[in-house]
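K.L.:
dropping a prediction and its sequence here:
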Amino acid sequence: MVEFPDKQWKDYELLDSGCGEKLERFGSVVMARPEPKALWDKSLTEAEWKRLSQVAFKLAGSAAKSGAIEDRGTWERRKKIDDQWYISYPGLQDGLKFRLRLGLTAFKHVGVFPEQAPNWEFIYSQVRRLAGADNTPKVLNLFAYTGGASLAAKAAGADVTHLDSIKQVVTWARGNMEASGMDGIRWIVEDAMKFVQREERRGNLYDGIILDPPAYGHGPNGEKWKLDESLFGLLKGVAHILKPKDSFMVLNLYSNGYSAALGETLVREAFGLPVAEGLSSGELALPDPFGKTLPLSIYVRLVR
């Protein structure tokens, strides 16, 4: 199943894609960025891309040659824009709304992955399902970045623990919480694997767990993360700290070569599930106005 952000989200739009790039509008800012999965031709002309885009990200020479996704580069400003600006996410469900600060980073990222909107909707609905007069769902967000998923869980009434290995990113997420008029999220700067192992030793359990791991990364103390080598072990740890009943999990994967079937099998084996009961999987993608679908990640969701 392929899922897309709803068209009512007026602060984001994919304007075109192709030739290894995507042309996007975030609020009033239009930018061009590299996108290795855009293997087709552009629908708009190069002249139209240059006319529309206020800023464009250019990979450093070595990164451009290697086709690396996460390498550094520089932003080429074609028109004057602010270094930082805000967009709003108006959810499809009553009570789901938050604000996100965007900015031009040393990488091609700007502070939000808009294709994640369907996951935000799922997280919000699951927390609402589990919340009650006698239960405030505990949600753990691992590799949590700038906190879109954390804010979705918090908006639904969850007790949220937000973990990322980069202090500056956690500070960014805290700012998004404050800009959204929320409070009370627990902030942790730590290696995800170490935190899960410690929670397992302590016997702590969560009603919901969200994972959005990168292909490669480092913990705050230099711990190495490589998706192919570490993901299954992390999922087995997560299986021990997720409540066996009345709970949910979301796994999101961006790594090229990972399919929804592979992700679902990883989760089923890590959790020891005899069948795929409660599991669903698919792709998160962005549509452009010309009928092209840009797939960006795969998801696996577990509902108990």
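P.N.:
Thanks, I have the structure now. All values reported here derive from a predicted model rather than from experimental measurement.
K.L.:
by mean pLDDT, flag the weakest helix or strand of this protein.
P.N.:
Lowest on mean pLDDT, DSSP states H and E among the helices and strands of the chain sits helix 61-66, with a mean of 53.
K.L.:
so, low pLDDT: which residues of the stretch 51-200 of the chain?
P.N.:
Applying pLDDT under 70 to the stretch 51-200 of the chain flags the ranges 61-71.
K.L.:
which one's the longest strand in the protein?
P.N.:
Criterion DSSP state E: the longest strand present in the chain is strand 293-303.
K.L.:
by contact count, what packs against that strand?
P.N.:
Using 3 or more Cβ pairs under 8 Å, 6 or more residues apart in numbering; DSSP states H and E, the elements in contact with strand 293-303 are strand 2-3, helix 117-130, strand 248-253, helix 260-271, strand 279-287. C-beta: built from backbone N, CA, C; applies to glycine.
K.L.:
quick check: neighbours of it in the sheet, parallel or antiparallel?
P.N.:
Strand 293-303 sits in its sheet next to strand 248-253 (antiparallel), strand 279-287 (antiparallel), going by DSSP bridges.
K.L.:
next, the angle from the last one to helix 117-130.
P.N.:
Spelled out, it's strand 279-287. 140 degrees (axes from the mean of the first three to the mean of the last three Cα atoms, to 10 degrees).
K.L.:
what mean pLDDT does strand 279-287 get?
P.N.:
Average pLDDT, strand 279-287: 97.
K.L.:
tell me the buried residues in it?
P.N.:
Using 16 or more other Cβ atoms under 10 Å as the test for burial, strand 279-287 gives 279, 281-287.
K.L.:
walk me through the domains of the chain.
P.N.:
2-85, 113-303 (automatic domain parsing).
K.L.:
quick one: which of the ones you listed is nearest residue 97?
P.N.:
In terms of Cβ to Cβ, the element of these nearest to residue 97 is domain 113-303, at 6.9 Å.
K.L.:
what's the first-to-last distance across that closest one?
P.N.:
With Cα to Cα, to the nearest Å as the measure, the ends of domain 113-303 fall 23 Å from one another.
K.L.:
could you do stretch 145-159 as well?
P.N.:
First residue to last in stretch 145-159 (Cα to Cα) measures 18 Å.
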